[in-house]
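Novice: below is the sequence, then the predicted model.
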Amino acid sequence: MKLWATSDLHLGYKENRAALAELPAYPDDWLILGGDIGEKATHLEFCFREVVPRFAKVFWVPGNHELWTMGAKAGAGEELRGDNKYQLLVALARHHGVLTPEDPFETWPGDGPPTVIAPAFVGYDYSFSPDGMTAEQAVKWARETGIRARDEDMVFPDPYDSRQTWCHARVAYTEERLMDVPDGTRIVLINHWPLRRDLVRLFRIPRYAPWCGTRLTENWHRQFNFSVVVSGHLHMRATDWRDGVRFEEVSIGYPRHWTQDKGMAHYLREILPGPTETPLGLEGPTWHR
């Protein structure tokens with residue numbers, strides 16, 4: 001029995017939809033979907049219809065693309081904003097039997113120490129920018145190199161007054177849930193955005209970092225009993241180690257970010273059992289092509 005992970009399927013692209021439809025079945029295994037499945041509820045509907053019959057259990061967390069408000073012309077529910085859009089997607093996932101950040105943590109029944117799978121939705125607060133910058137300054141700083149995330153026009157924080165406030169509320173909610181995990185139980189944490197700034201490696205667009213996470217999570221791997229942290233968002237597949245904790249960036253990305261001839265199964269990342277020790281004492285990254 002294995003726990004696999006992938007993210008950033010971006011099913012608005014026909015190439016990615018076709019590849020997902022060709023994914024083999026793994027009837028004894030579990031699957032993590034780490035966000036950015038698509039921009040519309042219909043993209044999630046397609047994904048869940050494809051993967052749920054192929055795996056024994058499926059987990060999903062939202063990325064920024066799922067939270068985009070696309071407008072009423074894009075389909076039912078696409079005019080919803082902020083938490084209302086998120087709750088619509090949670091309901092859709094539950095309808096298909098997919099576990100979300102709002103559901104009880106599931107205990108891993110496979111080999112190894114007691115472990116729970118913990119889906120999370122934390123988001124970002126622009127703090128992955130130079131010290132002392134406000135959110136407004138971070139957006140301006142990124143704009144100096146021609147970068148402006150589409151989230152600025154597509155992700156709304158309603159009912160919160162800002163994306164930062166929404167992020168901080170989600171951090172507090174997630175921390176409370178993690179503190180309830182019994183002592184001695186290990187945790188596989190899933191969050192679309194990286195937990196640490198030093199894992200944000202965007203060589204061509206380094207000033208996209210403000211939309212990539214929050215400093216509030218940088219020490220979670222020391223505070224909680226994590227064994228693995230699964231994320232996506234960067235389209236830079238890699239394995240890293242920090243203080244004995246494995247960090248897995250598992251994204252597929254846009255069609256130009258992966259090789260279609262290899263098939264989507266090639267890009268599934270084994271999370272459990274997986275390696276349990278830092279290879280050769282190196283922290284990483286180990287890039288995955």
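Specialist: Arrived safely. Nothing here was measured: the structure is a model prediction, and the numbers come from that model.

Novice: for the protein, which strand is longest?
Specialist: strand 26-33 (DSSP state E).

Novice: quick check: mean pLDDT across that strand?
Specialist: Averaging pLDDT along strand 26-33 yields 98.

Novice: next one: that strand to chain centre, how far?
Specialist: 16 Å (C-alpha atoms, centre = their mean, to the nearest Å).

Novice: now the helix or strand in which D153 is found: buried residues?
Specialist: Assessed by DSSP states H and E, D153 sits inside helix 151-154. Of all the residues in helix 151-154, those buried under the rule 16 or more other C-beta atoms under 10 Å are 151, 154. In this view, the C-beta of every residue, glycine as well, is placed from N, C-alpha and C.

Novice: list the buried residues for the next helix or strand after that helix?
Specialist: Going down the chain from helix 151-154, the next helix or strand is helix 163-179, by DSSP H and E. For helix 163-179, burial by neighbour count (16+ other C-beta under 10 Å) applies to 163-164, 166-168, 170-171, 174-175, 177-178.

Novice: of those residues, closest to A138?
Specialist: Q164 (10.4 Å; C-beta to C-beta).

Novice: any idea how far the helix holding D153 is from the middle of the chain?
Specialist: Mean C-alpha position of helix 151-154 versus that of the full chain (C-alpha atoms, centre = their mean) differs by 18 Å.

Novice: give me the contacts around it.
Specialist: 64, 67-70, 139, 163, 211 (C-beta atoms under 8 Å, 6 or more residues apart in numbering).

Novice: could you dump these into CSV and include distance to P53 and secondary structure?
Specialist: Shown next, in CSV, are the contacts of helix 151-154 (distance: C-beta to C-beta, whole Å; DSSP: H, G, I helix; E, B strand; the rest coil):
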residue, distance to P53, secondary structure
N64, 28, coil
L67, 27, coil
W68, 27, coil
T69, 30, coil
M70, 27, coil
V139, 42, helix
R163, 36, helix
W211, 34, helix
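
Novice: least confident pick among these?
Specialist: Out of the contacts of helix 151-154, that is M70, at 91.

Novice: tell me the pLDDT of the spatially most central residue of the chain.
Specialist: Nearest to the geometric centre of the chain sits H192, at 1.8 Å (C-alpha atoms, centre = their mean). What the model reports as pLDDT for H192 is 98.

Novice: show me where this protein has strands.
Specialist: 3-6, 26-33, 55-60, 106-107, 115-119, 186-190, 226-231, 238-242, 245-249, 269-272, 286-287.

Novice: for the residue nearest to the centre of the chain, give me its contacts.
Specialist: Contacts of H192 by C-beta under 8 Å, 6+ apart are 7, 34-36, 61-64, 121, 231-233.

Novice: please redo it, this time with the cut-off set to 6 Å
Specialist: By C-beta atoms under 6 Å, 6 or more residues apart in numbering, the residues touching H192 are 34-35, 61, 63, 232-233.
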